[in-house]
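Engineer: this one's structure only:
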Ligand SMILES: Nc1ncnc2c1ncn2[C@@H]1O[C@H](COP(=O)(O)OP(=O)(O)OP(=O)(O)O)[C@@H](O)[C@H]1O
Ligand SMILES: Nc1nc2c(ncn2[C@@H]2O[C@H](COP(=O)(O)O)[C@@H](O)[C@H]2O)c(=O)[nH]1
């Protein structure tokens, strides 16, 4: 990542099952410069989840000790489990001009916005309906019926926080929803405030590199 660029903190939230993990994965696959914020959680791993890739899976004592040491940029209790974002990861990303992507709930989004108002972009993913949310959670087949039940019970409350967000995307058609998320990322990363030092460098006679902000190789396609 170029030090001429001021990175952004892209937060994606939704009720469980609306599709944010799926959408975030696509964004990371397309844009190599985006770093995903791997959270700490006390939840048990789902089949296929790997420690350090989806989450850092820790027990409650370890999580509590991290809170006491002030090691989280934000943390929250979600669906009965603790989740938290590493403060050092956020600090280092901001210092190096790296774009960070967060799959976190509205409580976390709110805390990050409060701490980093100039850097945070909040995107809320809406399911097309509560019925479809239930269908997706059941079809995903990763959680016990009582866990799904619990997540659906709080979905309405989570949905009610959409107005705190900068953008809302209805995830009915996955390709269309992804196109919207992609467009938001590209536009936000080109904000004047994030490109200021690149512009100043050109003005002072230096040469700056345009970062490929589309798919890898996109910067050559227009030549
Ligand atoms: N537009 C869509 N149409 C149909 N199914 C979808 C769509 N988007 C995602 N899904 C499916 O819905 C399920 C839930 O998606 P996903 O796991 O991404 O949700 P999530 O919001 O990250 O949930 P959680 O908060 O529980 O992690 C997955 O099986 C995914 O493949
Ligand atoms: N406030 C935070 N919320 C987080 C974090 N990491 C994940 N989450 C949210 O928790 C729920 C449940 O996730 P799941 O993987 O158990 O299905 C979901 O809304 C996530 O976005 C975090 O670090 N902070």
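Structural biologist: It's in. Quick caveat: nothing in here was measured; it's all calculated off a predicted structure. Ligands and ions are numbered 1, 2, ... in the order given.
Engineer: give me the neighbour count for residue 182.
Structural biologist: The number of residues packed near residue 182 is 17, by other C-beta atoms under 10 Å. For the C-beta atoms, the positions are set from N, CA and C on the backbone; glycine is no exception.
Engineer: go through the helix or strand where it lies and flag the buried ones.
Structural biologist: Residue 182 belongs to helix 174-189 when assigned by DSSP states H and E. Within helix 174-189, the residues scored as buried using 16 or more other C-beta atoms under 10 Å are 177, 178, 180, 181, 182, 184, 185, 188, 189.
Engineer: packing partners for the following helix or strand past it?
Structural biologist: Using DSSP H and E, the helix or strand that follows helix 174-189 towards the C-terminus is helix 192-203. In terms of contacts (3 or more C-beta pairs under 8 Å, 6 or more residues apart in numbering; DSSP states H and E), helix 192-203 is not packed against any helix or strand.
Engineer: now do the buried residues in helix 192-203.
Structural biologist: By 16+ other C-beta under 10 Å, the buried positions in helix 192-203 come out as 194, 195, 198.
Engineer: tell me the angle it makes with helix 174-189.
Structural biologist: Relative orientation of helix 192-203 versus helix 174-189 (axes from the mean of the first three to the mean of the last three C-alpha atoms, to 10 degrees): 50 degrees.
Engineer: for helix 192-203, what is the distance to the chain centroid?
Structural biologist: Centroid displacement of helix 192-203 relative to its chain, using C-alpha atoms, centre = their mean, to the nearest Å, is 25 Å.
Engineer: tabulate the buried residues of helix 174-189 (CSV), appending distance to residue 204 and pLDDT.
Structural biologist: Supplementary listing: the buried residues of helix 174-189 in CSV, determined by distance: C-beta to C-beta, whole Å; pLDDT from 0 to 100:
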residue, distance to residue 204, pLDDT
177, 41, 98
178, 39, 98
180, 37, 98
181, 35, 98
182, 33, 98
184, 31, 98
185, 29, 97
188, 26, 96
189, 23, 94
